[in-house]
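1. give the three-dimensional model of this entry:
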Amino acid sequence: MLGPGLMAALNALLGRGTRIGALIVSGEIAGVEPLLEGIERWLDPSVDATAAIVFDHAELARLPAHVEVYRAALALIAGDTEGTIAHANRALDFAEPSDHLPRGSAAALVVNRSRIAVWSRKLRIPSGCLGRPQKG
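-> The predicted model follows:
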């Protein structure tokens, strides 16, 4: 049986990532890592998943690509160009050719990371400041 924390993490991503996406967009990225870690634990091939109840196996199969897209977004926010590209490439590796959402998202993150890196160097914006909304 899935524990409540893991169930919440899976629901966050299976619900089209609304919670994770909302956290990232709002700049509240501290809550994203535990959700992604919970999902990754569930996706670990060594985990016995026989007791899990899965309603949509197609969505479950898409999870690794979506996790990598969110990891690429976190790397982008942190100013980690190499991490952004590495996670985006893993998302492309995991995504089926016909699965346009993670493929397009990964491609956009890489292209935007390159443009933002050049732009931030010209304006001398410190690493880690990109993508975080100003509060106040």
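
2. now do residue 108 against residue 50, distance only.
-> Between residue 108 and residue 50 the distance, using CB to CB, to the nearest Å, works out to 37 Å. Quick note: C-beta positions are derived from backbone N, CA and C, even for glycine.

3. the two: who's more crowded?
-> More neighbours sit around residue 108 than around the other of residue 108 and residue 50, counting by other CB atoms under 10 Å; the figures are 14 against 5.

4. okay, the more buried one: pLDDT?
-> For residue 108, the model assigns a pLDDT of 84.

5. what do you get for residue 16?
-> pLDDT, read off for residue 16, is 45.

6. quick one: the helices in this structure?
-> For the chain, applying DSSP state H gives helices covering 4-14, 18-26, 32-43, 57-78, 81-94, 100-123.

7. and for residue 41, the neighbour number?
-> Other residues near residue 41 number 13, with proximity taken as other CB under 10 Å.
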